[in-house]
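Visitor: kindly return the folded structure for what I paste below:
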Amino acid sequence: MSGATAEVHRLISIGPSHFCEKARWALERAYIAFTEDKHAPGTHIPYTRGLPGGTSCPKLLVGKGPARVVIGKGSSEILEFADKKITKEEDRLYPSDPEQRQLVQSWVTKFDDQLGPHVRRFAYCYLMFVPSTYKLLTQGSSTPEKVVVWFMMPLLRRLIYRGLGCNKPGNKEKSLQVIDSMFKEVDDVLADGRPYICGSKFTAADLTFAALGGPMVAPPQSGTWSVPLDECPSELASAMKRLQVTPAGQVISELFPGCF
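Guide: As a prediction, the model looks like this:
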């Protein structure tokens, strides 16, 4: 894989975000040295306001001063940036073959647009009102931010819950249906014995699936702290246990410690 770069890289992230986990994983995969500023949902806004791509996270700041470049349109833009830093073709996350690259990109887009948002909503439908909510939201945050969030928790819980549509009838069930469908699609392509989604090689499709589907499997090697399974509400825990033993779920567990 590529060697370390001398450029300064700063990742602005939301602590519990699986999209930020995806960006972090991509940078580590490419051996790009970076610092990370983790924030709780909401407290990240002062740090991302005015940057390209709105106030969402993750955002990667490359360099300093007037020459600084902001990669801020989403985790996949950071993934593509990181992949370009990998010099060995066999280690690249996006194949050079146009047809294979298009296949990988189609999976990445599907996971970004469907799996990621629905995993987030389904999980937060249950985790906004458990004893560990504060720890989940503030993981990696600075002490001052943790103090702010402590006093904001009653409001923050409601804002996140409503903002993700968790309060709307049927949304929780719809999200689980989408998650099940995505896992089933991966199960189906793995049924021919291939080790990875697009064949014999680990690609951006596998990284994206593992990162965005990870919260439903909770691999212990994840860089994001998850509420322990025995502390999760029973319906969430039941769905997680069911997905953990699927071929797709098992691949997620295997990828987290061993893809580097």
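Visitor: in the stretch 1-150 of the chain, what residue spans correspond to helices?
Guide: 18-29, 45-48, 75-84, 98-110, 116-127, 133-138, 143-163 (DSSP state H, counting those that start in this stretch).
Visitor: which of those sits most buried?
Guide: helix 18-29 (a mean of 24; mean count of other CB atoms under 10 Å). (C-beta placed from N, C-alpha, C; glycine too.)
Visitor: what's that helix packed up against?
Guide: strand 9-14, helix 75-84, helix 116-127, helix 204-213 (3 or more CB pairs under 8 Å, 6 or more residues apart in numbering; DSSP states H and E).
Visitor: so the second one versus helix 204-213, what angle?
Guide: Using axes from the mean of the first three to the mean of the last three CA atoms, to 10 degrees, the inter-axis angle of helix 75-84 relative to helix 204-213 is 140 degrees.
Visitor: with only the CA atoms kept, save helix 75-84 in PDB.
Guide: Presented in PDB, the C-alpha positions along helix 75-84 are these (Å, rounded to 0.1, in the frame of the first residue of the first chain):
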ATOM      1  CA  SER A  75     -17.800  10.000   2.900                       C
ATOM      2  CA  SER A  76     -17.500   8.700  -0.600                       C
ATOM      3  CA  GLU A  77     -15.600  11.700  -1.800                       C
ATOM      4  CA  ILE A  78     -13.200  11.100   1.000                       C
ATOM      5  CA  LEU A  79     -13.100   7.400   0.000                       C
ATOM      6  CA  GLU A  80     -12.200   8.300  -3.600                       C
ATOM      7  CA  PHE A  81      -9.500  10.800  -2.400                       C
ATOM      8  CA  ALA A  82      -7.900   8.200  -0.200                       C
ATOM      9  CA  ASP A  83      -8.000   5.600  -2.900                       C
ATOM     10  CA  LYS A  84      -6.000   7.900  -5.200                       C
END
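Visitor: need the contact partners of it.
Guide: Helix 75-84 is contacted from outside by 11, 19-20, 22-23, 26-27, 29-30, 32, 58, 60, 62, 71, 92-94, 108-109, 112, 204, 207-208, 211, using CB atoms under 8 Å, 6 or more residues apart in numbering.
Visitor: rewinding a little: which one of the helices of the stretch 1-150 of the chain lies closest to Gly54?
Guide: Minimum separation from Gly54 across the helices of the stretch 1-150 of the chain (CB to CB) falls at helix 45-48, 7.6 Å.
Visitor: buried sites along stretch 245-257?
Guide: For stretch 245-257, a neighbour-count test (16 or more other CB atoms under 10 Å) marks Thr246, Ala248, Gly249, Val251, Ile252, Ser253, Leu255, Phe256 as buried.
Visitor: many thanks, have a good one.
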